[in-house]
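**Student:** Take this sequence and fold it.
(one chain, ligands or ions: 2)
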Amino acid sequence: MSYKNYPMVSRVIFGRGSFNQLGDIIAPKRRNIKAPFIFLVDDIFKGNSWLTSRIPLAYQDKLIYVSAEEEPKTSQVDKLTEEIILSFNERPSGIIGVGGGTTMDLAKAVSIMLTNDGSAKDYQGWDLVKNPAIYHVGIPTISGTGAEVSRTTVLTGPERKLGINSDYTPFDQVILDPELTKDVPKDQWFYTGMDCYIHCIESLNGTFLNAFSKSYGEKALELCLEIFLENSLAVEEAQDKLMMASWHGGMSIAYSQVGVAHAMSYGLGYLLGTKHGIGNCIVFDHLEEYYPEGVKIFKDMKAKHDIELPQGLCADLSDAEFDIMIDVALSLEPLWENAIGKNWKKKVTRDKLKALYSKM
Ligand code: NAD
Ligand code: ZN
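**Tutor:** Numbers count the residues shown, from 1 in each chain. Ligands and ions are numbered 1, 2, ... in the order given. Sure thing, here's the model as predicted:
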């Protein structure tokens, strides 16, 4: 038995208003005045001076707005990387991602592709990245995915939706400023928050569970229940706690895995473009058989916050389309092994998945 030796985020700052310190934090990392910092910022903040006036642009630094309308694609990463290479004579001093999981994953992927040849699609998988990424900073503006702390960047490529999982993926610096999440719309708050809740349920009920994952998973779950079920916290306290729940949920799956909801949600995402947070909710709602207690509480939380999930997503799909989703879901073997156990292939059939997808 050989244990995995994981890298972690090397530096983290936490606190309301800590975003103001971004300039001081990155300044020592500027290699020279011709090596810019590139800020990838969710375009939801375009025209929002409360946030953008605090982005410390100097010398040739560049702010690029990116859309979170669709989840990141390998082709988009390649395009951004090329744009950056063509615009400057020097390699950038760093990439700073400001936004949700979509924007942070783009920042991670671009920082890797600036030092590695070829296309991002060549690196989807486990430990395929050869050269260290350039300095990269993650600044979440919505909480739940754990992308700020994880060792992966999830990309949709021509053949699959799969992460670039590598020792070079985690951020060198993260800024956790819960105030940045203050304008997240309620439905999106719920969907992305539930990503964290589902990480906990899948990790804590998985066969890969160990004391490391359990300690983080239990803490994240406790925080999620306080926020979404008891629903008695002051607004700011809930923002602070959800940001820490996201962090702990991400740490919990670092040393274990996610499970059935994520595997099936990747299928929905690949075929229909359903986004991660809402997709996980749509799937998880039908997984009583696998996670009875977790799904029961999920339904209570959904009712408490008046969340209506879309129905009938798969109503008009052809057999070939079901097959595509089933192929994507079943290809994520570690997730099924975690959820069901070593002999999962005997228990999880294509018919079973088709029956579940048909309900969604
Ligand atoms: P997101 O980044 O897709 O954003 C969701 C929506 O919220 C967007 O419309 C965005 O503009 C908006 N938004 C973000 N911050 C806001 C703010 N402060 N105010 C108002 N609106 C705001 O959402 P997400 O759920 O954080 O990320 C999903 C992505 O994360 C997916 O692409 C998924 O694959 C990825 N993911 C990555 C990991 C990882 O470990 N790398 C883990 C889970 C999910
Ligand atoms: Zn997730």
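**Student:** So which bits of stretch 350-357 are buried?
**Tutor:** For stretch 350-357, burial by neighbour count (16 or more other Cβ atoms under 10 Å) applies to 353-354, 356-357. Bear in mind the C-beta positions are built from the backbone N, C-alpha and C, glycine included.
**Student:** With just CA atoms, put it into CSV.
**Tutor:** The C-alpha trace of stretch 350-357 is given here as CSV (Å, rounded to 0.1, in the frame of the first residue of the first chain):
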residue,chain,number,x,y,z
ARG,A,350,-26.9,0.6,-17.9
ASP,A,351,-30.6,-0.1,-17.4
LYS,A,352,-30.4,1.1,-13.9
LEU,A,353,-28.8,4.4,-15.0
LYS,A,354,-31.3,4.8,-17.8
ALA,A,355,-34.2,4.3,-15.4
LEU,A,356,-32.7,7.0,-13.1
TYR,A,357,-32.0,9.5,-15.9
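**Student:** for the record, mean pLDDT for that stretch?
**Tutor:** Computed over stretch 350-357, the mean pLDDT rounds to 97.
**Student:** starting at the chain centroid, how far to that stretch?
**Tutor:** Relative to the chain's own centre, stretch 350-357 is displaced by 26 Å; criterion: Cα atoms, centre = their mean, to the nearest Å.
**Student:** Near ligand 1, which residues of the stretch 101-250 of the chain are found?
**Tutor:** Listed as neighbours of ligand 1 in the stretch 101-250 of the chain under the rule Cβ under 6 Å from any ligand atom: 101-103, 105, 141-142, 144-147, 150, 152-154, 180-181, 183-184, 188, 192, 195.
**Student:** Those residues in strands, which ones?
**Tutor:** Among these, the residues falling in strands (DSSP state E) are Val154.
**Student:** Report the two of the buried residues of stretch 350-357 separated the most.
**Tutor:** By the measure Cβ to Cβ, Lys354 and Leu356 form the most distant pair in the buried residues of stretch 350-357, at 7.4 Å.
**Student:** Thr74 reaches Gly125, doesn't it?
**Tutor:** No: the criterion here is Cβ atoms under 8 Å, and Thr74 misses it with Gly125 at 12.0 Å.
**Student:** And the buried residues of stretch 350-357, which is closest to ligand 1?
**Tutor:** Tyr357 (19.1 Å; Cβ to the nearest ligand atom).
**Student:** Return the residues in contact with that closest one.
**Tutor:** By Cβ atoms under 8 Å, 6 or more residues apart in numbering, the residues touching Tyr357 are 264, 267-268, 314, 317, 322, 325-326.
**Student:** Looking at Thr74 and Gly125, which is more packed in?
**Tutor:** Set Thr74 next to Gly125 and count neighbours by other Cβ atoms under 10 Å: Thr74 wins out with 24 against 14.
**Student:** quick revisit: among the residues of the stretch 101-250 of the chain next to ligand 1, which ones are buried?
**Tutor:** 101-103, 105, 141-142, 144-147, 150, 152-154, 180-181, 184, 188, 192, 195.
**Student:** Just the ones of those residues in helices?
**Tutor:** Members of these lying in helices (criterion: DSSP state H): 101-103, 105, 188, 192, 195.
**Student:** element containing Gly267?
**Tutor:** helix 260-272 (DSSP states H and E).
**Student:** ranges for the helices of the protein?
**Tutor:** Here the chain has its helices, by DSSP H, at 22-26, 49-52, 74-87, 101-113, 186-204, 211-224, 235-254, 260-272, 276-284, 292-304, 319-331, 333-340, 344-347, 350-359.
**Student:** who touches the longest one?
**Tutor:** This means helix 235-254. 6, 14, 16, 140, 143-151, 176, 178-179, 181-182, 193, 195-197, 199-200, 202-204, 213-214, 216-217, 219-220, 223-224, 226-227, 233.
**Student:** Buried ones among these?
**Tutor:** So, by 16+ other Cβ under 10 Å, the buried ones in the contacts of helix 235-254 are 140, 143-151, 176, 178-179, 181, 193, 195-197, 199-200, 202-204, 213, 216-217, 219-220, 223-224, 226-227.
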